[in-house]
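*Asks:* Quick one, fold the following:
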Amino acid sequence: MCIRDRRSGLRPKAAPIPWAAVVRAAVALATPLAVGLAYDRPTYGALAAMGALSGVISDTADAYRLRILNIAIPQLLGALGVTLGTLVFDRGWLAVVVLTLVALVSGMISSIGAVASVSGLLLLLNAVVGAGLPMPHPWWVAPLLLACGGLFVLLLSLLGWPFRGRIAERTAVADAYRASADLLEAAGRQDTDGENDGEYDAKRQAVTGALNQAYDLVLARRARDHGRRSPLVRLLSQLNVLIPLVEAAPAAHLRRRPLPDEIPAAVRELAQAVDESRLGGADLALPVPETPSERAVDVALRHAASVVHKADPDPYNVDDRLGRPAALGVRIRRAGRDVLFSESSWRYGLRLALCIGLAQSLVSLIDVPRSYWVALTVTFVLKPDFGSVFSRGVLRALGTAAGLVVAAAVLSHVPRGWWDVPVMLVLAAFIPAVSAKSYGFQTAAITPVILLLSDVLNHEGFALVVPRLVDSLIGCAIALIAGYLLWPESWHTRIGDRLADAVEDTANYLAYAFGPTTGRTEEETAANQAERVRRRRVIYRDLSVVRTEFQRALTEPPPTGTRAAAWWPLVVALERIIDATTAARVRVNHGAPPPGAAEIADAERQLRELAARVRSSVVLVDVRKGWSAADDEGGVLAPLRQELRSAQAITSPLR
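*Replies:* Below is the predicted model:
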């Protein structure tokens, strides 16, 4: 499994073609060129098309409100970047100093979040372009044209808002129901090799991703919509009642017996009802439950059905603190504090600044024609939040080479002028069509577009091709050496601490899930249940981040990739420990005898010991511990003990 996972980071992914984005990209990049040619201002058209290219790359959100943020904010930073670059064009060492400082700021703000990361990327990219290419006068023309191109993409993407305003949120909730149906269908079933955990684990990860996506979209919209009768109230209520059904899945899975087919079929019918905003529905025809886990599934499914088909859900049961954005002022203060006082923010900013400074110094000392491409390559490669630096360097080199082959054919056989418009229509369409497959494919699609636009600006034609390949290889080398090899951040620092945090959070979740329940009122019990659900979602969300970090580390060369491969099974084991804890709580809620306090204390102690050893080690260590409580195989915590033993065995060195 580890070998396959290590290679998967470099393989293209299977992804559907987003036809709407394909058409939008083609129109957005070709139209400015056509307008520029029509008014005998091809340079203006090329600059606006460059801004549109930035907008196409930024247009990754499904919800329309998020598209505004994803496109508009980066365009503002991009306009600032090209302004700074234009002011230091052909200024020698002053340009080196300014671009190095811009790289420092770009790297530091990239740590805030996804939108800030793209904004920092465009700030630096456009500054590099402005400092490397002659821009039209006066100074404000270039930033204005770039911003207009990006806003044209935003306008095109918002054309469907009046007709599809809530489709993204509704589709995300329906997809969460479909993913849950797949999870219930996989529960208890066996794979072809006689095991039944591999498929179930994959379905559980898909459910986590679907829930994260749905909550992110709905709560981001809900933060600005406080009405008690808003359609978002219904969507959030439908999403919240899905959680008990997801929690019941591990309890059913641990029975090692598949659920009746009627159950996943009923969940898929609910997904269709959510997708169509359909009210009402026939009563569920489900088998009579016999065990606590079956009762948990039955109760959760019937409750979900009643909410999905209800026209007016309870408006006071729709809040979820996890994922709800804080007030704007609070978020600004948090972001500023994180940027200024975060070690990782300064470390990445300094690393990016060092590489950009080296790239600009090199091209200032050596005569490299149109040298801006070196710094552009460094910027694209050195984005750890976009993936492994090592793998991106390799894929960037391969993608650039492939893109240059296409660019060579275009620049050598297509005459300049109006022929650029249909060529751009075709080339631009490929960008969203292949970007989701891999970074190498995206680079191969973007390279000929940038070269065609650069040729409109500087009229070098086929002579651009070979220098761009050399520049790309130089940029990749700088990023890999100065941005990767000279910064020996250990794998333990980047991943081990996060994994240890997840283990500790699991111990806290276990203690909270089986905390004292006597003497609680009905309101306190409901609040406890809601808090337990939130804690479980926090853990799974954090684990999804850890899994992503591991997958990036798996593509690194030794020793990073080797260590990540050795520790990878612990991530899976930890997810199963959380599932076993949730399953135990669900079974107790539906009639199973609760575990003793000694059992819970022992499990919590061993989880904390496991977290401490993961945090303090970069190699596998022996963490085998005995149970002080009666270690019988009965009781609801028996699966938890089994999964905890597996985790301890994984972290023990081979004898």
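*Asks:* Name the helix or strand for residue 430, please.
*Replies:* helix 420-435 (DSSP states H and E).
*Asks:* Same check on residue 135?
*Replies:* Since the elements are taken from DSSP H and E, residue 135 ends up inside neither a helix nor a strand.
*Asks:* Check whether the nearest residue to it once chain neighbours are set aside sits in a helix, strand or coil.
*Replies:* Leaving aside its sequence neighbours, residue 135 sits nearest to residue 142 (C-beta to C-beta, 6 or more residues apart in numbering; 4.1 Å). C-beta coordinates here come from the backbone N, C-alpha and C atoms, glycine included. Under the three-state scheme (DSSP: H, G, I helix; E, B strand; the rest coil), residue 142 adopts helix.
*Asks:* looking at it, residue 142 is touching residue 131, isn't it?
*Replies:* No - between residue 142 and residue 131 there is no contact under C-beta atoms under 8 Å: 11.6 Å.
*Asks:* tell me, what's touching those two both at once?
*Replies:* residue 86 (C-beta atoms under 8 Å, 6 or more residues apart in numbering).
*Asks:* still on that earlier bit, now for the residue nearest to residue 135: which residues touch it?
*Replies:* 47, 82, 83, 86, 130, 135, 136.
*Asks:* how far away is it from residue 44?
*Replies:* Relative to residue 44, residue 142 is positioned 9 Å away (C-beta to C-beta, to the nearest Å).
*Asks:* Now for the two: what residues contact both?
*Replies:* Joint contacts of residue 142 and residue 44 (C-beta under 8 Å, 6+ apart) are residue 136.
*Asks:* Using CSV, list the CA coordinates for the helix holding residue 430.
*Replies:* Coordinates of each C-alpha in helix 420-435 appear next as CSV, following Å, rounded to 0.1, in the frame of the first residue of the first chain:
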residue,chain,number,x,y,z
ASP,A,420,-3.9,34.2,-32.3
VAL,A,421,-7.6,34.3,-31.3
PRO,A,422,-8.7,30.8,-32.4
VAL,A,423,-5.4,29.4,-31.2
MET,A,424,-6.0,30.9,-27.8
LEU,A,425,-9.5,29.6,-27.8
VAL,A,426,-8.2,26.0,-28.0
LEU,A,427,-5.2,26.4,-25.7
ALA,A,428,-7.1,28.2,-23.0
ALA,A,429,-9.8,25.5,-23.0
PHE,A,430,-7.2,22.9,-22.1
ILE,A,431,-6.2,24.6,-18.8
PRO,A,432,-9.3,23.8,-16.7
ALA,A,433,-9.8,20.5,-18.7
VAL,A,434,-6.5,19.0,-17.5
SER,A,435,-5.6,21.0,-14.3
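*Asks:* Counting by contacts, list what that helix packs against.
*Replies:* The contact analysis (3 or more C-beta pairs under 8 Å, 6 or more residues apart in numbering; DSSP states H and E) places helix 420-435 against helix 19-38, helix 42-58, helix 389-413, helix 439-458.
*Asks:* Mind telling me what element residue 249 is part of?
*Replies:* Residue-wise, residue 249 maps onto helix 242-253 under DSSP H and E.
*Asks:* picking up where we left off before, can you flag the buried ones in the contacts of residue 142?
*Replies:* 47, 82, 83, 86, 130, 135 (16 or more other C-beta atoms under 10 Å).
*Asks:* thought the first one was touching residue 145?
*Replies:* The one in question is residue 47. Yes - checked against C-beta under 8 Å, the pair residue 47 and residue 145 is within contact range at 4.0 Å.
*Asks:* In the stretch 251-400 of the chain, where is pLDDT below threshold?
*Replies:* For the stretch 251-400 of the chain, the stretches flagged by pLDDT under 70 are 280-282, 311-332, 334-335, 338-339, 341, 367-371, 383-390, 392-393, 396.
*Asks:* Break down it into its helices, ranges please.
*Replies:* Ranges of helices within the stretch 251-400 of the chain are 262-276, 292-308, 328-341, 343-365, 372-381, 389-413, based on DSSP state H, counting those that start in this stretch.
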